[in-house]
Each structure stands twice: as structure tokens, then as C-alpha cells.
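Visitor: Sequence and computational prediction follow.
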Amino acid sequence: MKKTLLILDDEKNTREGLQEAFRNSYEVYTAATIDGALAALEADPADVIITDLRLGGEDGMKFMEKVLALPHPPICIMMTAYGSVDTAVEAMRRGAYDFVTKPVNIERLEMLVRRALRSHEVEKENTELKQEIKKTYGLEQMIGRSSPMVAIFDTIKQIASSKVTVLIQGESGTGKEVAAKAIHALSPRAKERFVAVHCAALSPQLLESELFGHEKGAFTGATERRIGRFEQASGGTLFLDEIGEIDTSVQVKILRVLGEHTFERVGGNQTLSTDVRLIAATNRDLKKMVAEGTFREDLFFRLNVVPLVMPPLRTRKEDLPLLVDAFLIEMAKEHEKACRHFSSEAMHLLLEYEWPGNVRELRTAIEHAIILGRGKELEVLDLPETVRHGNVFSSAEVAPFLETRTLNLGKNKGVILQRALQECHGNVSQAAKLLGVSRRTLHRWIGSS
């Protein structure tokens, strides 16, 4: 079904002109007054409203606030002949998706409508997907619809109810601890504690004390008894992150707990028992470490009863728009910013980047962009340099006119722009396309160079 547009403007020529421009792609309704627009909305809710800011003696901004308060608010795009930066910021602060000035550039307005609808659909899909994942698996913190992630969801669902030890493998930032928490949340132990220990951050002596506890006087500085994590997590789940970093002396003690469910505190003689489900994670190749003699083979087999391999983000790019949208909503709320979406150029860079730091790096990049962003649309320059440089200079089209792929955009912007314009014989549109940015972004770069 076609999406529905409502055009509110007191100028007949503008109403009819926009209706003609959009009628082939959308169901278009028009109104000359706010009362007429509200009546039209009551009869047939709109997906997008394009409204003038000044409607004779009426205020388009107040109308926008009314419709945005509806149970299912439409997307609002403001237009006015009295455009200014302050007006645009105020309209977007009150909830407008974007702002255009008269005379209206139809191509730009069409692009805004398409982008707004797509952004709205992505947000809706993300919400529905999270609800479906939560309903089906109880995994509301894990996002994805790609084949690798669906396989992960299925495996977690299968193993969660058992007591079996799980080894989660994968690159840094792929969400290994999130997966461990999901297993715990779906298990019969969900009401008990989930205790996480990041093994790489502790020396062998401190890690031994952290895991098993110690008695008073067990070593210098042990001024009182300490209850270890195996004790604290009894009845629940213990998550050992970066288990490949554990010293062999500690590995022996972990192996005993897995086999006998007993241990002693450091410096103690009393044998204690524990009922704990162990989930371990690593970004290292434990099989290789076993071959090298740095990781015990018997412990590896104990841990690797059910292996779970988290896919890197570069192998599931179809999940990236959902992740971007989820992080945008989370970070915009946390930092009290009005950011709603990325420009098409910025989104292109996000999709093309290889994300060596995986989901963790993506989350950090989104937060960086939101902190620097000034409106609802986040631009290329709001992204971290690593993301910008990882894309702009790897293109086969861009490389020929650059002497190096390691140029820093911030420090060499003038040189890069000059070369791009020379390559395109001064054609700004072609230069923007060559650099993978919009004309508006390129004009801003030129103005700031």
C-alpha cells in the first residue's frame, strides 16, 4: 500500500504543486487550514505531514506539536519562506524530522520523505525484532536477524536449560558477555547471581584469591577473610572472560572445581563445595595454546563441552542498520540529544567500514557521533576519524588521485578537496560523489577549509 502524505499550506499553488509532485508515489491529501488538516487526519491518519510554518494567522509549529502528541504520530517536515538556522533548530527541537525553505527544492523534499519513511521503518523493525527475540528467546539485549545470529539464538535456547559448561569464542567486541548473560537469563538459575570475572586484568595471585577467596593472613595484605567468586556464584552462573589469559597454576584449580565441585580458599584447609554453572569466553585460539603447552588440554575439553562462536560484525552487515538504530535511541536518550538518524553518506560509511572492534566499536562510534552531532541528522564529519579514513581512502575510485591512503582528513582536508575538484575539473557534484559525500557536506568542507 502507498504511504499517505498530508500537505498543509495556505497557498493554493504550493499545495497543488506538491500534490502533483508526490501523487504517483504516495496517497496525497491537502489542507489549507489547521482545522482542515486535523479533520483529514481524523478521517485518514497520515504517515508524513509536510506543513508550512506560517499559515496566515495560524502557527504551523503548534499544529506540529498537536499531531506529534497523537498515539501514532506521523513524521513532520516543516517548510517556510522565512527560513533561518534558529527556526530550523527550534522546529527540530520540537520534533520535526527536518526543515526545508521555500521555494521548495522538490528533489530534496522527495529525498527527505523517503529517508524519513525508511528511518521510521527501521526503528519500527528494530522494535518489533527486539520484541520477537524477547518473546521467542528472552534475548532482548541481543540484536540480529542474519543467519549467523539466528544460529546463535537457537544454540542459546537449546543449551540454556542445562548445566553444561559453555565456551564462548570470538573476536573482541562481538558480545561474548552479552551471550553469557542471555544463557543465564534463560536458565533455571536466572533468579540467582550472574558473576563475571575479567581474568586478563588480574595477576595469577590476585586471580586465585578472586576466584576461590582467601583466609585472613594467607598472604601479605590479607587482613581478613575474603569470599571468592565460586562461592558467591553458587546456585547461579560464573562467567570467566578471557580465560585464555589464566596462568597454568590457576587452571589446575579450575579443573578440580569442574570435576569435583569442591575447592579450598587460599591459605585455608576447609574443603568447600559449590553448585555453579561455568561459562568461559576467549578471543584466543585455545587449541593452538594447547599445542604450545600454554593451556591445559584437559581443562580445554572440560570447558569446550558446548562451543559457541560469536560472529564478527563484518560477516553480518545486514544486522548493522538495526544495531545503529538501537544504539542511536539508547545514546540519544542518555546524552539528551535530538539525533534521530544518519545522513545517507554517513550510513554508507558505516556499512562499508570493516569494524575490527566489532559491535563494541560500533557502539562507541555512535556515541561519538551523537556527542558531536548538532541536529537530528548525523553527518560524515560526526563520525570518528577511524571510520571516515577506513572508508574514504579505500575506494578504487578515490585512490587514483590520492598519493597515499593514510592522509588524515582533518589535517589534509584542503589538499584532498583540491585534488578531488581537480580530478573532476571543478564539478562539485562529481567531486562529492567521488568522495562519497553529499553536495551539502562538500560545500561545508569547502567553507571550513
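Guide: The structure has been received and is ready for your questions.
Visitor: Strands of the stretch 201-350 of the chain, start to end?
Guide: 213-214, 226-227, 237-241, 262-264, 271-273, 277-282, 306-309, 341-342 (DSSP state E, counting those that start in this stretch).
Visitor: Off-centre distance for the third one?
Guide: Remark: strand 237-241 is offset 25 Å from the chain centroid, using CA atoms, centre = their mean, to the nearest Å.
Visitor: That one vs strand 277-282, what angle?
Guide: Interaxial angle of strand 237-241 relative to strand 277-282 (axes from the mean of the first three to the mean of the last three CA atoms, to 10 degrees): 10 degrees.
Visitor: Would you map out the domains in this protein?
Guide: Domain ranges of the chain: 4-127, 147-310, 315-448, per automatic domain parsing.
Visitor: TSV please, covering these and showing mean neighbour count, distance to Gln141 and mean pLDDT.
Guide: For the C-beta atoms, the positions are set from N, CA and C on the backbone; glycine is no exception. As requested, these are exported to TSV (neighbours: other CB atoms under 10 Å; distance: least, CB to CB, whole Å; pLDDT from 0 to 100):
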stretch	mean neighbour count	distance to Gln141	mean pLDDT
domain 4-127	17	13	85
domain 147-310	17	5	93
domain 315-448	17	10	75
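Visitor: Determine the longest helix present in the protein.
Guide: In the chain, with assignment by DSSP state H, the single longest helix is helix 106-136.
Visitor: Next one: the nearest residue to Ser273 once chain neighbours are set aside from Val276, what distance?
Guide: In this structure, Ser273 finds its nearest non-sequential neighbour in Thr262, 5.2 Å apart by CB to CB, 6 or more residues apart in numbering. For Thr262, the distance to Val276 equals 11 Å [CB to CB, to the nearest Å].
Visitor: ditto for Glu245
Guide: The value you get for Glu245 to Val276, if CB to CB is used, is 20 Å.
Visitor: Which secondary structure elements does the longest helix of the chain sit against?
Guide: helix 12-22, strand 48-52, strand 75-80, strand 98-101, helix 147-159, helix 320-335 (3 or more CB pairs under 8 Å, 6 or more residues apart in numbering; DSSP states H and E).
Visitor: Out of those, flag the one nearest Leu421.
Guide: Taking CB to CB, strand 98-101 is the member of those nearest to Leu421, at 26.8 Å.
Visitor: I would like the residues contacting that closest one, please.
Guide: Contacting residues not belonging to strand 98-101 are listed as 77-81, 83, 87-88, 91-92, 108-109, 112, 116, 376-377 [CB atoms under 8 Å, 6 or more residues apart in numbering].
Visitor: let's see it at 10 Å
Guide: 50, 53, 75-85, 87-92, 106, 108-109, 111-113, 115-116, 340-341, 375-377 (CB atoms under 10 Å, 6 or more residues apart in numbering).
Visitor: chain center to it: distance?
Guide: 27 Å.
Visitor: Roughly how far does the residue of the chain most remote from its centre sit from Ser344?
Guide: When distances are taken from the C-alpha mean of the chain, Asn269 lies farthest, 49.0 Å away, according to CA atoms, centre = their mean. Per CB to CB, Asn269 is found 68 Å from Ser344.
Visitor: need the helices for the stretch 201-350 of the chain, in chain order.
Guide: 204-212, 229-232, 248-260, 286-292, 297-303, 320-335, 344-352 (DSSP state H, counting those that start in this stretch).
Visitor: Dump these into TSV; add distance to His198 as well.
Guide: Formatted as TSV, those follow (distance: least, CB to CB, whole Å):
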stretch	distance to His198
helix 204-212	10
helix 229-232	11
helix 248-260	14
helix 286-292	17
helix 297-303	17
helix 320-335	23
helix 344-352	29
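Visitor: how much does the longest helix of the chain deviate in direction from strand 48-52?
Guide: 140 degrees.
Visitor: was I right about Asn283 contacting Cys199?
Guide: No - using CB atoms under 10 Å, Asn283 is not in contact with Cys199; the gap is 12.0 Å.
Visitor: who touches both of these two?
Guide: Asp241, Glu242, Gly244, Glu245.
Visitor: Met149 against Ile143, yeah?
Guide: Yes - using CB under 10 Å, Met149 is in contact with Ile143, at 8.0 Å.
Visitor: orientation of the longest helix of the chain relative to helix 12-22 in degrees?
Guide: Orientation of helix 106-136 against helix 12-22 (the same axes, to 10 degrees) gives an angle of 60 degrees.
Visitor: how distant is helix 106-136 from the center of its chain?
Guide: Mean C-alpha position of helix 106-136 versus that of the full chain (CA atoms, centre = their mean) differs by 15 Å.
Visitor: ditto for stretch 163-180
Guide: That offset, for stretch 163-180, works out to 19 Å (CA atoms, centre = their mean).
Visitor: May I have the beta-bridge partners of the residue lying closest to Ser209 once chain neighbours are set aside?
Guide: Nearest non-adjacent residue to Ser209, counting by CB to CB, 6+ apart: Val266, 5.4 Å away. Here Val266 shows beta-bridge partners His214, assigned using DSSP bridges.
Visitor: OK, contacts around Val266?
Guide: For Val266, the contacting residues are 205, 208-215, 218-219, 222, 226, 228, 253, by CB under 10 Å, 6+ apart.
Visitor: ok, 7 Å please
Guide: Glu208, Ser209, Phe212, Gly213, His214, Ala218 (CB atoms under 7 Å, 6 or more residues apart in numbering).
Visitor: Surely the last one and Gly228 touch.
Guide: So the one you mean is Ala218. No - applying CB atoms under 7 Å, one finds Ala218 not in contact with Gly228, separated by 11.5 Å.
Visitor: returning to what we had before: next, format the contacts of Val266 as a markdown table and append distance to Ala180.
Guide: Below are those laid out as a markdown table (distance: CB to CB, whole Å):
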| residue | distance to Ala180 |
| --- | --- |
| Glu208 | 22 |
| Ser209 | 23 |
| Phe212 | 20 |
| Gly213 | 22 |
| His214 | 26 |
| Ala218 | 30 |
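Visitor: Out of these, the closest to Glu192 would be?
Guide: Nearest member of the contacts of Val266 to Glu192, counting by CB to CB, is Gly213, at 18.3 Å.
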